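**Q** output the structure for:
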Amino acid sequence: MSGTTSNNFDATDNSAFGWNSAGSSTPPFGLMVQNVGNTVGLTWIPFVQNTGAGPLPCVPGAHLVFGPITATDGSVVMYYEGTVPKNGMRTVTMNYKGM
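**A** You can find the predicted model right below:
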């Protein structure tokens, strides 16, 4: 975020976000992913990680950190858990936006 590795991160029940505060030594930008749809058959789990890399495919919560975490490199995750029926599909809707 903003080209630096010193950022702040946290999550709520429906979103995960990272930001740099105005007046800090880093450019004041933020980013949020937020579940906004009806996810029938799936559970959404927003969280933050203490690594700039994405989640591990087989262990997505391996770097999960309960926030807020500050002045670190990290990432935001919107993880969906559930099953997809044979020959079926599931649809998720999320916002990915600056703050």
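**Q** look up the closest residue to residue 60, ignoring the ones flanking it.
**A** residue 79 (5.3 Å; CB to CB, 6 or more residues apart in numbering). Using the backbone N, CA and C atoms, a C-beta is placed for each residue, glycine as well.
**Q** which neighbours does the worst-scoring helix or strand of the chain on mean pLDDT have in its sheet, and in what orientation?
**A** One helix or strand of the chain scores below all others by mean pLDDT, DSSP states H and E: strand 69-72, with a mean of 92. Sheet partners assigned to strand 69-72 using DSSP bridges are listed as strand 7-11 (antiparallel).
**Q** hmm, back to that, so what touches the least confident helix or strand of the chain?
**A** Contacts with strand 69-72, where a contact means CB atoms under 8 Å, 6 or more residues apart in numbering, come from 5-10, 48, 50.
**Q** can I get those residues in a markdown table including neighbour count, distance to residue 29 and pLDDT?
**A** Formatted as a markdown table, the contacts of strand 69-72 follow (neighbours: other CB atoms under 10 Å; distance: CB to CB, whole Å; pLDDT from 0 to 100):
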| residue | neighbour count | distance to residue 29 | pLDDT |
| --- | --- | --- | --- |
| 5 | 12 | 14 | 78 |
| 6 | 14 | 13 | 84 |
| 7 | 23 | 9 | 91 |
| 8 | 21 | 11 | 94 |
| 9 | 24 | 13 | 96 |
| 10 | 20 | 15 | 97 |
| 48 | 24 | 16 | 97 |
| 50 | 14 | 20 | 93 |
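**Q** how about those residues in JSON lines, adding distance to residue 62?
**A** What follows is the contacts of strand 69-72, written out as JSON lines (distance: CB to CB, whole Å):
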{"residue": "5", "distance to residue 62": "20"}
{"residue": "6", "distance to residue 62": "23"}
{"residue": "7", "distance to residue 62": "20"}
{"residue": "8", "distance to residue 62": "21"}
{"residue": "9", "distance to residue 62": "16"}
{"residue": "10", "distance to residue 62": "19"}
{"residue": "48", "distance to residue 62": "13"}
{"residue": "50", "distance to residue 62": "10"}
